[in-house]
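>>> just coords:
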């Protein structure tokens, strides 16, 4: 791509969406926009007069980045569109989504591009995710000068962070934490077998990380055999029927669950019987279900090591502390690049008018006081402060414009 074009942004930038901090995994999985759904989603955005937009949709987030043509309540409109795409109610969607505007939106988006606003911090694939989102926007004719310019700034920030920091050289992620836990508990994974119950994107990320780390073999199980088959084809592994779970668990060193069924898929008794037949050989259980798939009582069993996503996230945060200095460097780069982006937005005419009015009002007061104080500087200062306090100029003329949505 070429360098950013010498153009400005004609309207405010907004982001409406949900990420791993604002929403549950179950919500995000249901919200995810598949490749064959992008055209229809973009068409709905066009119906509310949004001409340029970018959509990021994966296991971490689903976010709509767009330039507001003057919609009075943009979040409400986007939530309405999302509700037609998912089974969630508008109230549920509203409670797990957010809206960012202008400064916040720009900094946040550049943070995503630099892998700082991601669950997988330092993930080198973030550049590809941004580029793919841009290509989809272009394919669906939802990309223009605004989006192209924004993407160029984002990729430039990504390049600077990659070259000037070690963020991408020391990734901190949940999959990496999962691999570390497995190696700490088991050691060499080449002779280990894993069972995956469920087929979520998070489960795929975790098992893929283990496979990359040398995992020996994998089996996938799901209530719908066709879902298990599709998942297994992606991983090049075997499948098993749900009715055979107990027998398979006995032979599994690692079990990853991702059913989100609101019922415990694995109970304490199931794991206890498996451990007895394994002769106390430990089992690592990674529960990614929301709510949990594994009975909490399992954690009390000796030789059963149960980890939730919260446990893994805690591990990533501890790892992130080691990257603190590099993160600060990256944040400084994002701040610098954000200022360059924000400089392209038009100044608020209202604020400019307010400033001019304030200058005029203060000049009138100054002339009045100079005349009344007879050249006494102390008296003039006292009278000026009293007059400004009485008129409340600082508040009435410099107060920021209120959000029309509040």
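Here it is on my side, so go on. Keep in mind the model is a prediction, meaning the values are calculated, not measured.
>>> Stretch 103-113: which residues count as buried?
Neighbour-count burial for stretch 103-113 flags 105-113 (criterion: 16 or more other Cβ atoms under 10 Å). To be clear about C-beta, it is placed using only N, CA and C from the backbone, and glycine gets the same treatment.
>>> Report the mean confidence score over stretch 112-132.
For stretch 112-132, mean pLDDT rounds to 82.
>>> And for it, what's in contact with it?
Residues outside stretch 112-132 that contact it (Cβ atoms under 8 Å, 6 or more residues apart in numbering) are 19-20, 56, 58-61, 108, 111, 151, 154-155, 157-158, 161, 167-176, 316, 320, 323, 327, 330-331, 333-334.
>>> quick check, nearest of the buried residues of stretch 103-113 to residue 225?
Of all those, residue 112 has the smallest distance to residue 225: 36.7 Å, by Cβ to Cβ.
>>> Please state the backbone phi and psi of that closest one?
Main-chain dihedrals, residue 112, degrees, to the nearest 10: phi -60, psi -50.
>>> Are we agreed that residue 16 is in a strand?
Yes: the assignment for residue 16 by DSSP: H, G, I helix; E, B strand; the rest coil puts it in a strand.
>>> Name the nearest residue to it, sequence neighbours excluded.
Using Cβ to Cβ, 6 or more residues apart in numbering and skipping residues adjacent in sequence, the residue nearest residue 16 is residue 78, 4.1 Å away.
>>> what's the burial count for that neighbour?
Using other Cβ atoms under 10 Å, the number of residues around residue 78 comes to 26.
>>> Return the residues in contact with it.
By Cβ under 8 Å, 6+ apart, residue 78 lies in contact with 16, 64, 97, 99.
>>> Need the per-residue pLDDT for the last one.
Confidence at residue 99, expressed as pLDDT, is 93.
>>> if you look at the contacts of stretch 112-132, which of them are in strands?
19, 56, 61 (DSSP state E).
>>> now the last one, which residues is it bridged with?
Partner residues in beta bridges with residue 61, using DSSP bridges, are residue 19.
>>> so what pLDDT did residue 270 get?
The model's pLDDT for residue 270 equals 95.
>>> Is it in contact with residue 246, as I believe?
Yes: counting by Cβ atoms under 8 Å, residue 246 is a contact partner of residue 270 at 5.9 Å.
>>> Of those two, which one has the most company?
When residue 270 and residue 246 are compared for neighbours, residue 270 comes out ahead with 17 against 14, by other Cβ under 10 Å.
>>> Quickly find the element holding that one.
Using DSSP states H and E, residue 270 sits within helix 268-277.
>>> buried ones in that helix?
For helix 268-277, the neighbour count (16+ other Cβ under 10 Å) marks 268, 270-271, 274-275 as buried.
>>> could these go into TSV alongside distance to residue 345?
Listed next are the buried residues of helix 268-277 as TSV, based on distance: Cβ to Cβ, whole Å:
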residue	distance to residue 345
268	58
270	58
271	57
274	60
275	61
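>>> which one of these is nearest residue 306?
For these, the nearest to residue 306 is residue 271 (8.8 Å; Cβ to Cβ).
>>> So that closest one is in contact with residue 298, correct?
Yes: using Cβ under 8 Å, residue 271 is in contact with residue 298, at 5.0 Å.
>>> Now list whatever residues contact both of those two.
Counting by Cβ under 8 Å, 6+ apart, the residues touching both residue 271 and residue 298 are 285, 304.
>>> any idea what sits nearest residue 46, other than its immediate chain neighbours?
Looking at residue 46 with Cβ to Cβ, 6+ apart, the closest residue is residue 142, at 7.4 Å.
>>> what about that neighbour, which SS state?
coil.
>>> how much space is there between it and residue 266?
Look at residue 142 and residue 266: by Cβ to Cβ, to the nearest Å, they are 44 Å apart.
>>> for residue 253, same thing?
From residue 253 to residue 266 the distance is 15 Å (Cβ to Cβ).
>>> Between the two, tell me which one has more neighbours.
The neighbour count for residue 253 versus residue 266, taken as other Cβ under 10 Å, is higher for residue 266 (25 against 21).
>>> Please name the bridge partners of the more buried one.
In beta-bridge terms (that is, DSSP bridges), residue 266 pairs with residue 294.
>>> That one: what's it in contact with?
Counting by Cβ under 8 Å, 6+ apart, residue 266 touches 197, 245, 249, 255, 257, 285, 293-295, 298.
>>> For this protein, which segments count as strands?
In the chain, the segments counted as strands under DSSP E are 13-19, 53-57, 61-67, 98-101, 193-198, 217-221, 238-240, 254-258, 283-287, 304-308.
>>> Tell me, how many residues neighbour residue 279?
7.
>>> next one: residue 262
11.
>>> Can you give me the distance of the closest residue to it other than its chain neighbours to residue 298?
Spatial nearest neighbour of residue 262, chain neighbours left out: residue 291 (6.1 Å); criterion: Cβ to Cβ, 6+ apart. Note on residue 291: its distance to residue 298, by Cβ to Cβ, is 15 Å.
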